[in-house]
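Participant: whatever this is, show me its structure:
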Amino acid sequence: MKTIIIKITIAFFFFAVIPTALFVDAESEYLIKSFFYWDYLDTISEITVEYNKNQYSDDDLNKVNEEIEKILFDIEKNFSISVTPMMGSYKIEESTLMKINRLSGSGERTTVNQDFLDLIKVAIDVAEATDGGFDPTIGPLTTLWKISELSQYCRTDSLDYNPEYCVVPSEEKINQALEKIDYRLIEIDETAKTVYLPEPGMKLDLGAIAKGFAADKVTEYLIDQGFEFFLISLGGNAYNYGESKINPGKTGTLLTNPFGGKYLIKFLGNSQTIVTSGVYERYIEVGNDIYHHLLNPKTGYPYENNLMSVSIVLNYREGYYASAFADAFATGIYALGLEDGLAYAENRPDMEAVAITKDKKVYATSKLDFQPYIGLTDEFELFVGGEKVDFEPLPTNPTNPENPTDPYDPTRDLLIALIFIVVGFGATVLLVFTLKKPKNKTKEE
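Facilitator: As a prediction, the model looks like this:
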């Protein structure tokens, strides 16, 4: 038995421990940790932190995980327009926003916390800047159409497709909803900390800004805990903060290709948030027509323009809700359309933007720090600051580890190390059983 144990130890050392040690820098003080959240804000969230192993224990990281969950749950309890599964599991019957909507026109004001006041003020600022293209009182329309809820059942590519659910609201109901939409009617009392909607049937819907606010609150918390580099992904909301010490100069945020396939461009800036709003994921099909979820609060129907998606880039500033603003502006700039939307972003010194059209043209503002990525093939045209730019499509499979177009994937190192261990264990077992095979013996005569 002792011999077998020695064989296992030696074999495992050569097949698993040595390769893993060669791959992971044992001298490095820095490690990465990813946290995943499946049940919050109607999306899958991933938050990756780089940390000094001499400063943060496993208990410290577990506490960070718990605190982030609390932040995400607080956002749900504040801003959800309906009861979420997580709220239901805690028997929470309504969010703060749901209460405000329920009491609209009743004369009773709802007391809110500072987070709610901060976010509603951001929403109103963006509504004013986009001439109501983004409107936080769009709730009567979103609850009438229910596109986000019905998308699963009203897309012909879905296994749950059922055309019986897929209908367009009547003109009468749409007009009734439009009468209840006007962000200028929101009443805020900052001293008493109350919010009130004066017209019966008015409804707030902050779904187009809440994820950004969540990213801001998580960012604020992680900075307060001393983390110098981290990545946040909340659905279409991305936040990168700081400079990686493990992979300096190789990190960046990649822009999703709305047509499917590989990423289109790589944003090169640090400490910035990138938020994308598009029409390629949430939509319903009714007959031969497609209705996406970005509804026009002035017509009652989805916006009709040639835009596939809009991405807004804002830099981190202490005390500034960059991701919440970017989230709302992604919708607001989409509403303004290609020409007016990009002109607005171009004229703001703190904002950069990328707009992708349905005919595969990519428009970037002039000061955006980015580079083409492997998904930007010759099918696309690229415009920077309104001028067409020639670009050389990159190889589809960059293999040079020093190639700056090869993005740093925070989970890649751990996955490869795990593969070494699994393969090593399998090889170990095979070797041991081979060595253990009994020798053939001849019967003495």
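Participant: tell me which element residue 120 is part of?
Facilitator: helix 114-129 (DSSP states H and E).
Participant: now that helix: average pLDDT?
Facilitator: For helix 114-129, the mean per-residue pLDDT is 99.
Participant: low-confidence ranges, the stretch 1-150 of the chain, go.
Facilitator: Low-confidence segments of the stretch 1-150 of the chain, defined by pLDDT under 70: 1-27.
Participant: where exactly do the helices run in it?
Facilitator: Under the criterion DSSP state H, counting those that start in this stretch, the stretch 1-150 of the chain contains helices at 2-12, 18-23, 58-79, 85-89, 96-102, 114-129, 139-145, 147-150.
Participant: JSON lines for the ones you listed, including distance to residue 382 and mean neighbour count?
Facilitator: Just so you know, the C-beta spots here come from the backbone N, C-alpha and C atoms, and that holds for glycine as well. Output for the helices of the stretch 1-150 of the chain, formatted as JSON lines (distance: least, CB to CB, whole Å; neighbours: other CB atoms under 10 Å):
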{"stretch": "helix 2-12", "distance to residue 382": "51", "mean neighbour count": "13"}
{"stretch": "helix 18-23", "distance to residue 382": "36", "mean neighbour count": "14"}
{"stretch": "helix 58-79", "distance to residue 382": "36", "mean neighbour count": "16"}
{"stretch": "helix 85-89", "distance to residue 382": "42", "mean neighbour count": "13"}
{"stretch": "helix 96-102", "distance to residue 382": "40", "mean neighbour count": "20"}
{"stretch": "helix 114-129", "distance to residue 382": "27", "mean neighbour count": "19"}
{"stretch": "helix 139-145", "distance to residue 382": "34", "mean neighbour count": "21"}
{"stretch": "helix 147-150", "distance to residue 382": "31", "mean neighbour count": "18"}
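Participant: of those, which is nearest residue 170?
Facilitator: Nearest to residue 170 among the helices of the stretch 1-150 of the chain is helix 139-145 (9.6 Å), distances taken as CB to CB.
Participant: what does that closest one contact?
Facilitator: 81, 101, 148, 169, 173-174, 176-178, 180-181, 201-205, 207, 291, 293, 295, 297, 300 (CB atoms under 8 Å, 6 or more residues apart in numbering).
Participant: let me have the helices of the stretch 1-150 of the chain in a markdown table, adding distance to residue 43 as columns.
Facilitator: Shown next, in a markdown table, are these (distance: least, CB to CB, whole Å):
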| stretch | distance to residue 43 |
| --- | --- |
| helix 2-12 | 40 |
| helix 18-23 | 32 |
| helix 58-79 | 10 |
| helix 85-89 | 12 |
| helix 96-102 | 18 |
| helix 114-129 | 18 |
| helix 139-145 | 17 |
| helix 147-150 | 11 |
